[in-house]
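Participant: with the sequence up front, the predicted model follows.
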Amino acid sequence: MKRFLYLLSITAVLLCACSRSTETTQVNRSLAQLKSFYFVKNDSMPGLAKAVFTVEERNDTGLVWNRDSILYGTSLKRVVPRFTFAATPDAAYLTMNDTIHVLTGYDTLDFTKTPIYLTIRSADKSNIKTYEIRATVHQADPDLYTWTQLSAGVLGRDDCDQRVVETGSDFTMLTSNGFDLRAYRSADGASWEDVGTMKGLPAGTKVRQIVSNGTKMYYGQDSMVYTSTDAVTWTGKKVSHPITTLLLYWNQHVWALVQNNKKYELAYIEQDTLKLSGLQPKADFPVSDFGTVCFISSSLRERAMIIGGFAENGLALNTRWNLEYSSHIKENNGYRLQEYSQDRPSFKSMTGISIVYYNNQLLLFGGVDGNMTYLGRDVLVSTDEGLNWTKADTTKNRLPEAYQARQKLSTIVRENSIFIFGGEDSEQTYSDVYRGRLNSIDW
């Protein structure tokens, strides 16, 4: 096509043709430069208006591109583009898939017909500049969880009890078959090494009650706390109160459930000393097979939850204990314990569950109900910090087909991914490893 097409919009011409000195006008008449590009807002495609494009000047062909991809599912087949120029050009036109398109300034165009080039000729016709325009739309559904099996099985034997914790930059799997305590280590969840037999722990050690603060592992039994930095060598120290179970690592402390004057009380370990918190549960509190999770609440308070599990009398619980810290709480050194099920009792009894805080919500995996019926493969979700729970949308968050419903699994969040380790059902013990990731978690 021999002739250039005139500017896209009268509005752009008026904006660029504001009053200037004679010298500035003369200089600008030689400019052939694009200053900005965007798509006109379209209510049926909300992703368009949020797209921010960068104009990159190059010696030859310039580049217009969006650093953050446009919202998944946004169609570019019918869009209205707008351009702003450094100076009013003599002419400008678009070449789309080798076809020159005559613009009127109000055109609805198909931006899927790539490559797309914008050519500008300066007002004095002395310069011509061409820019390639690349509009990128996310090809992955942002709300979709992608799950991958990293290992079909870490163990070569049938271990009925197992727990995975973080130690430094590694995952450490602690196992017991009733006779032998053994540890395995992995940097990525896919490749594992046997690091040896765990020595120094008492008879009857329950590895699922081992807690890690990231560098040191803890286990409590009777009036002893055992610690290890390598999972192999453990050292015991006597403490002031009998320990029923260790609960979790939270707010810079390992927390335990202890016996104090024949009552349960929460305590924490500080500098290898057990300190009572003053928090005494007023209802059934779990002693085994409970799930725990730590997070920062919407009110910016340190919070932890202890959900389900078995009470001392063997009753499967539907409790959701909330442990909270704030400098504004006057009693118990700033700590508060609350049982959510008293206000919202519609929560199924469950044991052997595992919970993570991910994408600003709680996700619950695995477990069995009070009748020892497996809860299934569905993930439970709470968007209100544990008050209410619903099943996840299985079109968006569905575990792989190879994953079997189970209990007593371990879950860890690392580098914006969820790792699921092992567990057991009524017929077998698993030691497989899965990694899940929300597509948009770090967009």
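Facilitator: Structure's in. What do you need? What you see is a predicted model; the values in this text were computed from it and never measured. Numbering: from 1, shown residues only.
Participant: could you use CA atoms for every contact and neighbour count after this?
Facilitator: Noted.
Participant: and Val207, how far from Asp107?
Facilitator: Distance from Val207 to Asp107, counting by CA to CA, to the nearest Å: 67 Å.
Participant: who has more neighbours, those two?
Facilitator: Neighbours were counted for Val207 and for Asp107 using other CA atoms under 10 Å; Val207 has more, 18 against 15.
Participant: please name the nearest non-neighbouring residue to Phe39.
Facilitator: Pro81 (4.6 Å; CA to CA, 6 or more residues apart in numbering).
Participant: cool, and Asp107?
Facilitator: Val80 (5.9 Å).
Participant: hmm, the one you found is touching Phe37, no?
Facilitator: No - using CA atoms under 8 Å, Val80 makes no contact with Phe37, being 10.9 Å away.
Participant: now the helices for this protein?
Facilitator: Along the chain, the stretches classed as helices by DSSP state H are 10-16, 22-28.
Participant: least confident of those, on average?
Facilitator: Across the helices of the chain, helix 10-16 has the smallest mean pLDDT, namely a mean of 35.
Participant: who does Leu246 bridge with?
Facilitator: Ala256 (DSSP bridges).
Participant: next, count neighbours for it.
Facilitator: What Leu246 shows, counting by other CA under 10 Å, is a neighbour count of 25.
Participant: what of Pro81?
Facilitator: Neighbour tally, Pro81, other CA under 10 Å: 17.
Participant: try the one 3 residues further on
Facilitator: Here the count is done by other CA under 10 Å, and Thr84 has 19 residues near it.
Participant: ok, now which ones touch Glu312?
Facilitator: Phe285, Pro286, Val287 (CA atoms under 8 Å, 6 or more residues apart in numbering).
Participant: would you confirm that the last one contacts Thr245?
Facilitator: Yes - using CA under 8 Å, Val287 and Thr245 qualify as a contacting pair, with a distance of 6.2 Å.
Participant: now list whatever residues contact both of those two.
Facilitator: Contacts common to Val287 and Thr245, judged by CA under 8 Å, 6+ apart, are Leu257.
Participant: which one is Asp194 nearest to, not counting chain neighbours?
Facilitator: Closest to Asp194 by CA to CA, 6+ apart is Tyr184, at 4.5 Å.
Participant: beta-bridge partners for the one you found, please?
Facilitator: Met173, Asp194.
Participant: what ranges do the strands span in the stretch 301-443 of the chain?
Facilitator: 302-307, 320-325, 335-339, 350-351, 354-358, 361-365, 368-369, 380-382, 390-391, 410-414, 417-424, 429-438 (DSSP state E, counting those that start in this stretch).
Participant: got it, and the stretch 101-250 of the chain?
Facilitator: Counting by DSSP E, counting those that start in this stretch, the strands of the stretch 101-250 of the chain are 116-121, 128-134, 145-151, 161-167, 170-176, 181-186, 193-197, 211-212, 217-228, 235-250.
Participant: got a markdown table for those, with distance to His328 too?
Facilitator: Output for these, formatted as a markdown table (distance: least, CA to CA, whole Å):
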| stretch | distance to His328 |
| --- | --- |
| strand 116-121 | 59 |
| strand 128-134 | 52 |
| strand 145-151 | 38 |
| strand 161-167 | 32 |
| strand 170-176 | 36 |
| strand 181-186 | 41 |
| strand 193-197 | 45 |
| strand 211-212 | 28 |
| strand 217-228 | 30 |
| strand 235-250 | 18 |
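Participant: quick one: which of the ones you listed is nearest Lys275?
Facilitator: Among the strands of the stretch 101-250 of the chain, strand 235-250 comes nearest to Lys275, with 8.4 Å by CA to CA.
Participant: just checking, what packs against the closest one?
Facilitator: Here strand 235-250 touches strand 211-212, strand 217-228, strand 253-260, strand 273-276, strand 291-296, going by 3 or more CA pairs under 8 Å, 6 or more residues apart in numbering; DSSP states H and E.
Participant: what comes into contact with stretch 29-43?
Facilitator: 48-49, 51-55, 64, 79-89, 120-129.
Participant: are any of these buried, and which?
Facilitator: Among the contacts of stretch 29-43, those buried by neighbour count (16 or more other CA atoms under 10 Å) are 48, 51-53, 55, 64, 79-85, 87-89, 120-123, 128-129.
Participant: coming back round to it: of all the helices and strands packed on strand 235-250, which one is nearest Gly73?
Facilitator: Distance to Gly73, taken as CA to CA, is lowest for strand 291-296 among these, at 32.2 Å.
Participant: for that closest one, give the mean pLDDT please.
Facilitator: Averaged across strand 291-296, the pLDDT comes to 96.
Participant: same check, this time on stretch 341-348
Facilitator: Stretch 341-348 comes out at a mean pLDDT of 66.
Participant: start and end of it, how far apart?
Facilitator: First residue to last in stretch 341-348 (CA to CA) measures 10 Å.
Participant: ok, now stretch 293-304?
Facilitator: The first-to-last residue distance of stretch 293-304 comes to 6 Å (CA to CA).
Participant: give me the residues contacting that stretch.
Facilitator: 250-251, 292, 305-306, 322-326, 355-357, 385.
Participant: repeat for stretch 140-152
Facilitator: The contact list for stretch 140-152, computed with CA under 8 Å, 6+ apart, reads 72-73, 189-191, 395-400, 431-441.
Participant: hey, C-alpha coordinates of that stretch in CSV?
Facilitator: Extracted in CSV, the C-alpha atoms of stretch 140-152 (Å, rounded to 0.1, in the frame of the first residue of the first chain):
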residue,chain,number,x,y,z
ALA,A,140,-3.0,-20.9,32.6
ASP,A,141,-6.1,-20.6,34.7
PRO,A,142,-5.0,-18.5,37.8
ASP,A,143,-7.4,-20.3,40.1
LEU,A,144,-6.2,-23.8,39.1
TYR,A,145,-4.1,-25.9,41.4
THR,A,146,-1.5,-28.0,39.6
TRP,A,147,-0.5,-31.2,41.4
THR,A,148,2.5,-33.3,40.6
GLN,A,149,3.7,-36.6,42.2
LEU,A,150,7.4,-36.2,43.2
SER,A,151,7.9,-39.6,44.6
ALA,A,152,5.9,-42.8,44.4
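Participant: low-confidence stretches in the stretch 151-300 of the chain?
Facilitator: 157-158 (pLDDT under 70).
Participant: now do 90
Facilitator: Along the stretch 151-300 of the chain, the parts satisfying pLDDT under 90 run over 155-160, 177-179, 262, 271-272, 282-283, 298-300.
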